[in-house]
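Novice: Turn this into a structure:
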Amino acid sequence: MRNIIFIFLLVPFYCVLSQQSDSLLSDKFNKAIYAYHNKQYQEALKLIDEVILEKKTEHTYNLKGVILFEMDSVESAIKYFLKAIHLSPKTLEYRENLVQALIKLKKYDDAIVEIDNILKIDPEKSSTYYSRAVLHSEKRDYQKAIADFSAAIKLNDKNPNYYQARAEIYYLIGEYERALDDINQTIALNRDKTDAYRLRGFILSQLGKQPEALDDFNRYLKTNKFDIDVLLGRAIALYETGKKFDAIEDLDKVLEKDSLNENALLNRAAIFLELDMFDRSLNDYKKVLEINPNNFNANFGVGEIYFEQNDFKNALVYYENALKIKKDNPNLFIKAGNAEFNIKNYPKAIEYFTFAINLTPDQPQTYYNRAIAYKVSGDKINAIADLEKFIKLAKSNSEYSSYIEKAQKEIELLNSK
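Specialist: Next up, the predicted model:
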């Protein structure tokens, strides 16, 4: 559906005033802080460098680090945070600043190591576990992320962000019931948290609770009208509840914002196909193929349109394209077999039906289709064998009751020859 973006709960930079005896140095230090807070970074850097020439303390090193960080000289900032930590190893502020710098460089493993050090000093700070959990999630180490989010919740069970973050992980790994429990807790703690309704909508949709999902998507979209992912999610929920034209309206909105959105084009094309609006469906599928010629669903969809229009040769072109992409789809082999049968290429039809049977040997209909292909190609023995196999499999399925009688008559007819 989408990649859930986590917002790091990072510790802000704090600068501690120097306890210097030299009033001039102290004045310069304070001016450097003032310049920093007013985003006059070059002036702040000049001032702190003058201070450091006279006074090298953890405070001065830390301030230079935060100034360099804001100037995007992150590697240099890290060097000064390390100097501050060397002089004052137990000051959490310096280590937290170092974590932020490491995260900015996407050095997640190093950041995790530093958070481990912070937790040795202060193991009772829930936000630290939260930060480490986010880093684990960025590395897709989801079980460690869940463990840390759980630790944060244990220390502070009134923070809705912690539950929501854990819900996002549960959603990503497909544990939708647990995700729902957590996001419900998020909403119970903060009913005005609109992005929680967004996530709950997707969770409910995955659980097949489309009416409830619609309620959450609608609530979220009142204040976030152009969220493409939510419009896509609502379109699917509308489709699943039988509101196909409403679904098309949402997909239209997505495509107004992003005309090359593959998911929106594919979903709209599929709905148009169900509504027998073949021209519009074909147009959307072919747009997808312009974007991505190797899109399986688009190739299969175009094949379906041509098949429905009895243009079996063109249907085969796209079925065969789809088969190059995915060779483990029995339904596709059956479709290709039916298309070959309709253009009287019976050996190729038999070949495709055989591939389908090898993938799903308990599917009755394929044996019937292959039996008829054997029959018209003059292979009486294999035709009878497939019809008998069909009857055996079909007896347990009332859907095929009318076909069983036809198969029995076909066997009688073949035996009479």
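Novice: all helices for the stretch 1-150 of the chain, in order.
Specialist: Shown for the stretch 1-150 of the chain, the helices assigned by DSSP state H, counting those that start in this stretch span residues 23-37, 41-54, 58-70, 74-87, 92-104, 108-121, 126-138, 142-155.
Novice: buried residues in the first one?
Specialist: Neighbour-count burial for helix 23-37, with 16 or more other Cβ atoms under 10 Å as criterion, is recorded at 25-26, 28-29, 31-33, 35-36. Quick note: C-beta positions are derived from backbone N, CA and C, even for glycine.
Novice: Which of those residues sits closest to residue 180?
Specialist: Minimum distance to residue 180 across those is 44.8 Å, recorded for residue 36 (Cβ to Cβ).
Novice: what's the distance between the closest residue to the closest one other than its chain neighbours and residue 53?
Specialist: Spatial nearest neighbour of residue 36, chain neighbours left out: residue 44 (4.2 Å); criterion: Cβ to Cβ, 6 or more residues apart in numbering. Per Cβ to Cβ, to the nearest Å, residue 44 is found 15 Å from residue 53.
Novice: For those two, work out which one has more neighbours and name it.
Specialist: Between residue 44 and residue 53, residue 44 has the larger neighbour count (other Cβ atoms under 10 Å), namely 26 against 10.
Novice: what's the spacing between the more buried one and residue 88?
Specialist: In this view, residue 44 and residue 88 are 21 Å apart by Cβ to Cβ.
Novice: And residue 414, by the same measure?
Specialist: Counting by Cβ to Cβ, the separation of residue 414 from residue 88 is 93 Å.
Novice: Also residue 370?
Specialist: On the measure of Cβ to Cβ, residue 370 and residue 88 end up 79 Å apart.
Novice: Neighbour count: these two, which is higher?
Specialist: With neighbours defined as other Cβ under 10 Å, residue 370 and residue 88 compare such that residue 370 has more, 29 against 17.
Novice: I figured the more buried one hits residue 351, correct?
Specialist: No. The criterion here is Cβ atoms under 8 Å, and residue 370 misses it with residue 351 at 9.7 Å.
Novice: what's next to the helix or strand encompassing residue 299, contact-wise?
Specialist: Using DSSP states H and E, residue 299 sits in helix 296-308. With contact meaning Cβ atoms under 8 Å, 6 or more residues apart in numbering, helix 296-308 is reached by 266, 269-270, 273, 276, 278, 281-282, 285-286, 288-289, 292, 312, 314-319, 321-322, 325-326, 332, 335, 338-339.
Novice: Just the buried ones out of those, please.
Specialist: The buried subset of those (16+ other Cβ under 10 Å) comprises 266, 269-270, 273, 281-282, 285-286, 288-289, 312, 315-316, 318-319, 321-322, 332, 335, 338-339.
Novice: and residue 71, how many residues sit next to it?
Specialist: Neighbours of residue 71 using other Cβ under 10 Å come to 14.
Novice: I meant to write residue 402 there.
Specialist: 9.
Novice: That one: which element?
Specialist: Taking DSSP H and E as the definition, residue 402 sits inside helix 401-416.
Novice: How many residues are close by residue 259?
Specialist: 10.
Novice: three-state assignment of it?
Specialist: coil (DSSP: H, G, I helix; E, B strand; the rest coil).
Novice: Please name the residues that touch it.
Specialist: Taking Cβ under 8 Å, 6+ apart, one finds nothing in contact with residue 259.
Novice: Residue 171 too?
Specialist: Residue 171 sits next to 4, 179, 199, 202-203, 206 when contact means Cβ under 8 Å, 6+ apart.
Novice: Just give me the least confident of those residues.
Specialist: Minimum pLDDT across these is recorded for residue 4, with 38.
Novice: how close does residue 97 get to residue 328?
Specialist: In terms of Cβ to Cβ, residue 97 sits 52 Å off from residue 328.
Novice: Looking at the two, which one has more neighbours?
Specialist: residue 97 (28 against 9).
Novice: Give me the below-cutoff pLDDT ranges for the protein.
Specialist: Scanning the chain for pLDDT under 70 picks out the ranges 1-22.
Novice: Now do the domain split for it, please.
Specialist: Listed domain ranges for the chain are 1-123, 259-323, 327-417 (source: automatic domain parsing).
Novice: out of the ones you listed, nearest to residue 215?
Specialist: That would be domain 1-123 among the domains of the chain, by Cβ to Cβ, at 18.2 Å.
Novice: burial count for the closest residue to residue 362 other than its chain neighbours?
Specialist: Nearest in space to residue 362, with sequence neighbours left out and distances taken as Cβ to Cβ, 6+ apart, is residue 393 at 6.3 Å. Neighbour count for residue 393, taken as other Cβ under 10 Å: 18.
Novice: and the angle for the host helix or strand of residue 393 with helix 401-416?
Specialist: Using DSSP H and E, residue 393 sits in helix 380-394. Helix 380-394 and helix 401-416 meet at an angle of 160 degrees, taking axes from the mean of the first three to the mean of the last three Cα atoms, to 10 degrees as the criterion.
Novice: by contact count, what packs against helix 380-394?
Specialist: When contacts are defined as 3 or more Cβ pairs under 8 Å, 6 or more residues apart in numbering; DSSP states H and E, helix 380-394 packs onto helix 364-376, helix 401-416.
Novice: so which of those is the most packed in?
Specialist: Most buried of the helices and strands packed on helix 380-394, by mean neighbour count (mean count of other Cβ atoms under 10 Å): helix 364-376, with a mean of 23.
Novice: hmm, who's touching that one?
Specialist: Residues outside helix 364-376 that contact it (Cβ under 8 Å, 6+ apart): 330, 334, 337-338, 341, 346, 349-350, 353-354, 356-357, 360, 380, 382-387, 389-390, 393-394, 397, 400, 403, 407, 410, 414.
Novice: Kindly report the same for stretch 198-205.
Specialist: With Cβ under 8 Å, 6+ apart as the criterion, stretch 198-205 contacts 1-2, 4, 164, 167-168, 171, 176, 179-180, 183-184, 187, 210, 212-214, 216-217, 220, 224, 227, 230, 233-234, 236-237, 240.
Novice: Repeat that for stretch 124-140.
Specialist: Residues outside stretch 124-140 that contact it (Cβ under 8 Å, 6+ apart) are 6, 8-11, 99, 103, 108-109, 111-112, 115-116, 118-119, 122, 142, 144-149, 151-153, 155-156, 159, 161-162, 165-166, 168-169.
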